[in-house]
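*Asks:* give me coordinates for this.
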Amino acid sequence: FIARHVSTDHGALLAALVVGDMGGITKETRAAFTAAGVNHVLSISGLHVAMLGLVVFVLIRYGMQFSTALMLRANLFKVAAFLSFLAVLFYTALAGAMVPTVRSAIMIGVYQLAVLLDREEEVFASLTLAALLIAVVWPGVVADISFQLSFLAVLFIVWGMRKFHEWLAPKRRDELPQEKSWIAARLRQASMHLLVPLLATLGTGPLIAHYFGHLSLAGFVANPLIVPLVGFIVVPVGLMIGFFAVLAPEAGILFAPVAENMVALTAWLVQLFANLPLANIGVPSPNAFEILLLYGLLVSAFAFAKMAHRATALAVGVAVLSGDGAYWWNERYQRKVLRVTHLNVGQGDAAVLELPGSKIMLIDAGGAAVGDFDTGEAIVAPYLRSRKILKVDYLVVAHPRIDHYGGMRALVREFSPQEFWSGAGRGQTGQFDDLEEALELAKIRRVALDDRQP
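*Replies:* Model prediction:
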């Protein structure tokens, strides 16, 4: 139905935003969402579920007010809470019941159960229960990236918002309503709204840097605009199209132009933020010790009530982190010996040479003729980032076969090599043509090798 009434590109993007099906999205579109710092909206995150539940709750809560009989006979707040939870369960099943979606559904269910039973709602209790239930049903999921990032993001948002609310709360408690500053209250609300993406980025940043070696600075600006647009407009409109496509296709057609325009606006905003300077930056991948140290610094900022204790903990953490940075600076730029590392890229070769001083040479990067697995992006690049290497000086292709050059293109784009060394032979695949194009776009100096050179 969507394919007939929404353009191909926008239809694939709409399907991804509504049900997380990214099969029809191009790599360029996914790269733009990643660079803009809103890659999470392509997967069905807990925020999607919560926003949909809120939309359904508001529609039912205020829609039932038009019936005097319902207002007299039912608790509209509890009815709306119960029905919105049914919508959340339906959407969770529709989206495939992935970890972030299930986590959000459990938290919403616990919260709304407290409402139905006239009990006090507690976010940390519902978050803990969600983690325990998911870990019991899927024990291995604790090691999953999605599980870790989902719970860390919510934990730091809730914890951080409570702390900042305490710090930013007005000091005077004896003010009359007419004495309170309207501007100050609005500024506090705006600051709380902007804190959400900041806290989520801080809470997940060390793990994102560890797993992916990239951080998006554009997300601080993009998230407050794109996330509400997707959650409150694109997803509800997409679901309405789905319902009407089954019940009344003629009515569903009326919503297609709205979906088309909203998805086009989303794609335009994503591209706009993705093109900002430093929107997506490569960073060295922290190891386990550095991850613990970074989270220790973050926890210290929230855990200690007294400023003196907080300052002491932060000072100790910064000192240890500085020592770690000094070690890697010496390892990276003051190397005295040659270090050679051969990487396991399956059928093929890849060797990283850390030359005395600071120069880096990469000889081959593996590769496969079939499949989408990129050895350069998935194996070589993570190793380089784990060694705090963000620039490769020399790329060398020893032999023009796919299992030698197949992973080179991703490395050309990310690690900005100065020179590319290769023989006169050419690969006979489309991947070699892509590599040649990447080298031309990056204006990398080519060095031709032959048997007459020493």
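*Asks:* residue ranges of the strands in the stretch 101-250 of the chain, please?
*Replies:* Ranges of strands within the stretch 101-250 of the chain are 214-216, based on DSSP state E, counting those that start in this stretch.
*Asks:* quick one, helices of it?
*Replies:* Per DSSP state H, counting those that start in this stretch, the stretch 101-250 of the chain carries helices over the ranges 123-137, 145-168, 182-212, 219-229, 235-247, 249-274.
*Asks:* tell me which of those helices sits nearest to F302.
*Replies:* helix 145-168 (5.0 Å; CB to CB). Where C-beta positions appear, they are placed from N, C-alpha and C, glycine not excepted.
*Asks:* buried residues in the closest one?
*Replies:* Across helix 145-168, burial judged by 16 or more other CB atoms under 10 Å covers 146-157, 159-160, 163-164.
*Asks:* helices or strands next to it in the packing?
*Replies:* Helix 145-168 is packed against helix 99-116, helix 123-137, helix 182-212, helix 288-303, with contacts defined by 3 or more CB pairs under 8 Å, 6 or more residues apart in numbering; DSSP states H and E.
*Asks:* ok, 10 Å please
*Replies:* With contacts taken as 3 or more CB pairs under 10 Å, 6 or more residues apart in numbering; DSSP states H and E, helix 145-168 sits against helix 46-63, helix 99-116, helix 123-137, helix 182-212, helix 288-303.
*Asks:* redo those as TSV? Include distance to M361 and mean neighbour count.
*Replies:* Below are these laid out as TSV (distance: least, CB to CB, whole Å; neighbours: other CB atoms under 10 Å):
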stretch	distance to M361	mean neighbour count
helix 46-63	44	19
helix 99-116	41	21
helix 123-137	45	15
helix 182-212	25	16
helix 288-303	26	15
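*Asks:* distance check, the closest residue to V337 other than its chain neighbours against Y333.
*Replies:* Nearest residue to V337 in three dimensions, chain neighbours excluded: P356, at 6.4 Å (CB to CB, 6 or more residues apart in numbering). Applying CB to CB, to the nearest Å, the value for P356 to Y333 is 11 Å.
*Asks:* mind listing the strands for the stretch 251-400 of the chain?
*Replies:* With strands called from DSSP E, counting those that start in this stretch, the stretch 251-400 of the chain shows them at 280-282, 339-342, 351-354, 360-363, 394-397.
*Asks:* mean pLDDT, mean neighbour count and distance to L215 added to those, as CSV?
*Replies:* Converted to CSV, those look like this (pLDDT from 0 to 100; neighbours: other CB atoms under 10 Å; distance: least, CB to CB, whole Å):
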stretch, mean pLDDT, mean neighbour count, distance to L215
strand 280-282, 84, 17, 6
strand 339-342, 95, 12, 25
strand 351-354, 95, 18, 23
strand 360-363, 95, 21, 22
strand 394-397, 93, 22, 25
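*Asks:* which of these sits closest to V123?
*Replies:* strand 280-282 (31.2 Å).
*Asks:* check which helices and strands the closest one is in contact with.
*Replies:* So strand 280-282, by 3+ CB pairs under 10 Å, 6+ apart, packs with helix 27-35, strand 214-216, helix 381-386.
*Asks:* in JSON lines, list the strands of the stretch 251-400 of the chain along with distance to T34.
*Replies:* Putting these into JSON lines (distance: least, CB to CB, whole Å) gives the following:
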{"stretch": "strand 280-282", "distance to T34": "6"}
{"stretch": "strand 339-342", "distance to T34": "28"}
{"stretch": "strand 351-354", "distance to T34": "25"}
{"stretch": "strand 360-363", "distance to T34": "24"}
{"stretch": "strand 394-397", "distance to T34": "24"}
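*Asks:* sorry, back to before: specify the stretch among the helices of the stretch 101-250 of the chain that is closest to L435.
*Replies:* helix 182-212 (22.7 Å).
*Asks:* give me phi/psi at the closest residue to V345 other than its chain neighbours?
*Replies:* In space, and not counting its chain neighbours, V345 is closest to G366: 2.7 Å by CB to CB, 6+ apart. For G366, the backbone dihedrals (degrees, to the nearest 10) come out as phi 70, psi -170.
*Asks:* and for G366, the neighbour number?
*Replies:* By other CB atoms under 10 Å, 26 other residues sit near G366.
*Asks:* could you find the closest non-adjacent residue to L229?
*Replies:* Among residues not flanking L229 along the chain, T266 sits closest, at 5.9 Å (CB to CB, 6+ apart).
*Asks:* and V99, how far is that from A143?
*Replies:* Per CB to CB, V99 is found 11 Å from A143.
*Asks:* give me the below-cutoff pLDDT ranges for the stretch 101-250 of the chain.
*Replies:* Along the stretch 101-250 of the chain, the parts satisfying pLDDT under 70 run over 121, 168-182, 184-192.
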